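Colleague: got a predicted structure plus its sequence, pasted below:
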Amino acid sequence: MQLYLDCPCTSFPRSFARDYKETYQYPPPSTIYGLLLSLVGEVDMEVHRGVKLAIGIIGDDPPISHILRKQRHHKFSKMHMGTYPTGKFSKPNYQELLTDLEVVIKVDSSEEAAPLKLTERIAIALTNPSQITRFGGLSLGESWSMVNGLRDYQNTDGEVRWLIKDNRGLISLPIWIDRKTSRGTFQRFSLSNHWQENGWVMIPKSPSKEPLPQKRGRSPR
């Protein structure tokens with residue numbers, strides 16, 4: 001399955017970004033995975049782990065713009081109980097934005113364990129959207145980064161430059177973020193004008209829950 005995605009304005013904040021919200025210049029596989037789950041109305045991040053994704057960029061690199069915006073900064077505490085006055089917990093910060101982003105996404109569900117594969121659910125969402133249940137707008141990255149559209153890729157959409165796995169590449173992107181520990185799994189990439197098999201990136205499978213070996217009892221004397 002090969003998809004075309006058009007997003008007029010978005011941002012992919014780097015994991016270390018704090019007051020200055022620097023962005024990755026290319027969509028991380030972890031973000032694309034979240035977008036596809038949102039498309040099919042899936043809220044469990046674990047369901048389709050093992051799916052393989054490949055990401056390509058149409059045209060030149062998206063330009064980066066800089067804006068000044070007000071952002072909220074707080075952590076949930078028992079003292080505030082979810083109530084955070086805007087004047088006390090908001091401050092202006094700079095943020096980088098990407099504009100005119102056109103992306104090609106390949107999806108391969110051959111190594112998924114889910115009974116209904118992600119590619120099958122995407123096909124249903126695109127051909128019979130009334131058969132799925134989802135909520136909210138479809139966004140790439142933060143919730144305000146709405147996409148213009150998502151459909152099957154056509155050769156007339158333009159030349160594609162693919163993100164290819166390259167341990168010496170200069171493009172480092174997260175492929176999985178552990179929601180419990182906030183620790184990320186990263187992969188290095190380089191860009192290629194030609195499709196290669198090492199463009200596939202697997203969303204890491206769930207750790208297998210193998211039973212612990214039983215302790216040996218004392219042998220009868």
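Modeller: That came through, no problem. Just so it is clear, the model here is predicted, and its values are computed rather than measured.
Colleague: so what's residue 165 closest to, chain neighbours aside?
Modeller: Nearest residue to residue 165, sequence neighbours excluded (C-beta to C-beta, 6 or more residues apart in numbering): residue 198, at 4.6 Å. Where you see a C-beta, it was placed from the backbone N, CA and C, and this is true even at glycine.
Colleague: the host helix or strand of residue 56 packs against which elements?
Modeller: Using DSSP states H and E, the element containing residue 56 is strand 52-58. In this structure, strand 52-58 makes packing contacts with helix 29-40, strand 90-108, strand 160-165, strand 201-202, judged by 3 or more C-beta pairs under 8 Å, 6 or more residues apart in numbering; DSSP states H and E.
Colleague: tell me if the residue nearest to residue 165 really is in a helix.
Modeller: Yes: using DSSP: H, G, I helix; E, B strand; the rest coil, the assignment for residue 198 is a helix.
Colleague: how close does it get to residue 52?
Modeller: 11 Å (C-beta to C-beta, to the nearest Å).
Colleague: those two: who's more crowded?
Modeller: residue 52 (18 against 12; other C-beta atoms under 10 Å).
Colleague: the more buried one contacts residue 202, doesn't it?
Modeller: Yes: under the criterion of C-beta atoms under 8 Å, residue 52 is in contact with residue 202, at a separation of 4.9 Å.
Colleague: pLDDT-wise, which helix or strand of the protein ranks last?
Modeller: helix 86-89 (a mean of 64; mean pLDDT, DSSP states H and E).
Colleague: from residue 158, how far out is the most centrally placed residue in the chain?
Modeller: By C-alpha atoms, centre = their mean, the chain has its centre lying nearest to residue 31, at 1.2 Å. Using C-beta to C-beta, residue 31 is found at 21 Å from residue 158.
Colleague: ok, residue 39 next?
Modeller: In terms of C-beta to C-beta, residue 39 sits 22 Å off from residue 158.
Colleague: who's more crowded, those two?
Modeller: residue 39 (21 against 14).
Colleague: and residue 21, what does it touch?
Modeller: Applying C-beta atoms under 8 Å, 6 or more residues apart in numbering to residue 21 gives the contacts 11, 13, 71, 93-96.
Colleague: looking at these, which has the most residues close by?
Modeller: The contacts of residue 21, ranked by neighbours (other C-beta under 10 Å): first place residue 11, 22 neighbours.
Colleague: grab the nearest non-local neighbour of that residue.
Modeller: residue 23 (4.7 Å).
Colleague: and if you look at residue 177?
Modeller: residue 184 (4.9 Å).
Colleague: that neighbour contacts residue 15, doesn't it?
Modeller: Yes: contact criterion C-beta under 8 Å: residue 184 and residue 15 qualify, at 5.8 Å.
Colleague: tell me, what's touching these two both at once?
Modeller: By C-beta under 8 Å, 6+ apart, the residues touching both residue 184 and residue 15 are residue 174.
Colleague: these two touch, right, residue 169 and residue 188?
Modeller: Yes: using C-beta under 8 Å, residue 169 makes contact with residue 188 at a distance of 4.4 Å.
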